[in-house]
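Student: coords please:
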Amino acid sequence: MCETKGTGLFSVSTLFFDKSQNKLWMGTLSNGLFCYNFSSADFSHILQAKLPKQPVLAIEENSDSTLLIGIDGQGIWELSKKGDEVLNVLKESADDANSLPGNGVYDIFNEPGKRF
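Tutor: Down below sits the predicted model:
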């Protein structure tokens, strides 16, 4: 459990530390995604109105400028590292046999140098 001024109490489900930007990304069980910037001491609720209020169970760096966020039941969301934009959402599609089956994402493995 974590509590901050303005956001109240929330349960952290996963963490990702971005060394290059000195930021700690925090996925929660029902409050979305948060980010703490150690350089500026800024704490922010990321894309609060856009991200589903379901468990964020995986956070992985995809490139120097993007993150992959695994949201249980909602697929994989690609976000800018600035935390201001949803770039892509990968979900199950009945029309595409190669799409993400079931939309349940519990972990993400990203091989360096490869795009998803």
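Student: and stretch 50-57, what's its mean pLDDT?
Tutor: On average, the pLDDT along stretch 50-57 is 95.
Student: same question but for stretch 105-116, I mixed them up
Tutor: Across stretch 105-116, the per-residue pLDDT values average to 76.
Student: make residue 1 into 20 and carry on from there
Tutor: Yep, numbering from 20; the last one is stretch 124-135 now.
Student: ok, residue 40 - how many residues close by?
Tutor: For residue 40, the neighbour count with other Cβ atoms under 10 Å is 17. To be clear about C-beta, it is placed using only N, CA and C from the backbone, and glycine gets the same treatment.
Student: what's near enough to touch the residue nearest to it when sequence neighbours are not counted?
Tutor: Leaving aside its chain neighbours, residue 40 sits nearest to residue 100 (6.3 Å; criterion: Cβ to Cβ, 6 or more residues apart in numbering). In this structure, residue 100 makes contact with 37, 40, 42, 83, 84, 85, 86, judged by Cβ atoms under 8 Å, 6 or more residues apart in numbering.
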